[in-house]
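In: next comes the sequence, and after it the predicted model I'd like to discuss.
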Amino acid sequence: MPKPQRSASDSLHLQADVLVLGGGPSAAWAAVAAAESGAKVVLADKGYLGTSGATAPSNTGTWCVPPGDNRHAVVERRWQRTGELADPRWMLRCVDTAYRNLLRLSEWGYPFPSEDDGRLYIANLRGPDYMRFMRRRVLLAGVTVLDHHPALELLSDGDAIVGAAGVARQIGQDWRVDANAVVLATGGCAFRERILGATGLTGDGYLMAAEAGASLSGMEFTGKYTLAPYGSSLNKGLPFRWASFHREDGSPIVGPTGEPLRNGIGDREEEVARALIDGPVYARLDQAEPALQGWLRQGQPNCFVPYDRVGIDPFSELFRITLRAEGTVRGTGGIDIVSDDCATGVPGLYVSGDAASREIMTGAMSGGGAVNSSWALASGWWAGKGASTHAKRRTGKAFRSAAQSLGQAGLRPASPPRADISAGEVIEAVRNEVTPLDKNFFRTGEGLEKSSERLESVWRDVRDHLQGEGLDRVRAREAASIAAAGRWSVAAALHRTESRGMHRRTDLPGKSPAFAHRLVITGVDAFRIAGAPERLAELAS
């Protein structure tokens, strides 16, 4: 177990082989994998391991594909839906490792439900139970867990990443962990949208990785939205499969062929989005038969809390709805992976879960739910093993007290700080460009150009003048991360001059063979977007 040290300033100082940043499922799996490989592991989370992130409040399936001749066919069918950007080899690796880890969960004693014939049903994970179980497993593995310890920046010795530093939220104490390898499992970026488990999902890992020299990909694929009751954070779309949709006067919304709009998920989300741009939209779950109503209430009980609170029967009464933007959480963008062990290309830095780009798994389509759940199971395992292997190669190197702190925007502004540049205003300015339906669900070149100009202006203010003190550093750093993620997302969307998957250009509605490849972003202040070798764009503030 790593031993804490106290400096003269009373900050917490730990040493470990592997440091895992994050508190969701991929962080837990990375910590366990590294510990089982013999590494001394510290896990630091901005929240509480077991309740952090989008999985903890969810009931999620997994992409559970048992071994056998059918596995390749299952992967091929899903690949056909990825917009030609996913990698079947990675998809096969993922289902294999995820299945093995689901069996590990069973062997460890996770209480999977049983099917009618008595067999365990391992394809479903109830988020609260799953994450509570994984917290216990992490602690049993001997991992030192630092709850409510958000990381602010990575540390480098000039050759590799050698740790991270942050602040303990509950006591205001600085902390630093020297480590031979770091796993970023910090989740995606929800741009402060009100969706379940997303409060802490501000893209922190993206900015830290980019500052270290890592690249990102898939950042243009942030057009995933999910239906929710108006005013609610409950982004659970399943019940809307059995919904009808109406305008404020009660008249039915009709589809493109004139029939009443029903089933608001999948391709029909576009029709709902168009109606919401025009005005308020209401729904009623009147396509669900009584038996199905009972099943929905039993299987998805939290989906009905908003209705029960206000005394609405959603199966017989109209209720107002909205579409919630889900950023890169159910989008696909994130830190680019360069090898099978989830390395980032920066020595000592690994990535897993939603912090990583999932283009290799889902391409231009959302992996929200089952695929992302299995990706967390697999990528966490690979990253933990990879980080442990790297750490062992560096055991002869002494920790260097002169390690360089890499954090810039929000921590060390390029010019004197300005009191009129606040984290809250920065976040709201970014949200105004990346969450509205008429800017992000439906995109145009002209609209993206305008959003890009505004986000460049926001970024200059953040880079030059935003700074927090004490605990306010967390908020400032979150704002900087959101600004960076928004800027990358819009720039990549502007660069992809076609429509593909959840990237919908109304001025360019078709797919272009010239863009059947990923777009990789490298750099923070001045960055470049590279696709095929002949396609290179330089963007600078």
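Out: That came through fine.
In: show me the chain divided up by domain.
Out: 5-63+125-222+328-397, 225-325, 423-539 (automatic domain parsing).
In: need the winner for burial among these.
Out: domain 5-63+125-222+328-397 (a mean of 24; mean count of other Cβ atoms under 10 Å). For every residue, glycine as well, the C-beta is placed using N, CA and C.
In: now that domain: average pLDDT?
Out: For domain 5-63+125-222+328-397, mean pLDDT rounds to 95.
In: can you map out the helices along the stretch 51-200 of the chain?
Out: Taking DSSP state H, counting those that start in this stretch as the test, the helices found in the stretch 51-200 of the chain are 70-79, 88-108, 127-140.
In: can you tell me which of these is nearest to F315?
Out: Minimum separation from F315 across the helices of the stretch 51-200 of the chain (Cβ to Cβ) falls at helix 127-140, 25.0 Å.
In: who's in contact with the closest one?
Out: Outside helix 127-140, the residues that touch it by Cβ atoms under 8 Å, 6 or more residues apart in numbering are 24-25, 28-29, 31-32, 35, 43, 49-52, 55-60, 105, 108, 110-111, 145.
In: contacting residues around P25?
Out: So P25 contacts G53, T55, Y130, M131, M134, G353, S373, A376, L377, G380 (Cβ under 8 Å, 6+ apart).
In: now do the phi/psi pair for it.
Out: phi -60, psi -40 (degrees, to the nearest 10).
In: quick check, central residue of this protein?
Out: G188 (2.3 Å; Cα atoms, centre = their mean).
In: pull the contacting residues for it.
Out: Contacts of G188 (Cβ under 8 Å, 6+ apart): L201, G203, G327, T328, V329, G331, G333, G334, D354, A355.
In: how does it look with 6 Å?
Out: Residues near G188 by Cβ atoms under 6 Å, 6 or more residues apart in numbering: L201, T328, V329, D354.
In: what separates the second one from I427, distance-wise?
Out: If you measure T328 against I427 using Cβ to Cβ, to the nearest Å, the figure is 16 Å.
In: following element in sequence after the one helix or strand I277 maps to, please.
Out: Assigning secondary structure by DSSP states H and E places I277 in helix 269-278. Next in sequence after helix 269-278, counting helices and strands by DSSP H and E, comes strand 281-284.
In: now the helix or strand following that next one: how far from the chain's centre is it?
Out: Counting by DSSP H and E, the next helix or strand C-terminal to strand 281-284 is helix 290-299. Centre-to-centre, helix 290-299 and its host chain are 30 Å apart (Cα atoms, centre = their mean, to the nearest Å).
In: what sits up against helix 290-299?
Out: P239, F304, F315.
In: hmm, which of those is lowest in pLDDT?
Out: F304 (89).
In: could you give the secondary structure assignment for that residue?
Out: helix (DSSP: H, G, I helix; E, B strand; the rest coil).
In: which ones are touching it?
Out: Here F304 is in contact with R297 (Cβ under 6 Å, 6+ apart).
In: do the same with A376
Out: P25, S26, G353.
In: how much space separates it from G23?
Out: Counting by Cβ to Cβ, the gap from A376 to G23 is 12 Å.
In: one step back: from the contacts of G188, pick the one nearest R284.
Out: V329 (27.9 Å).
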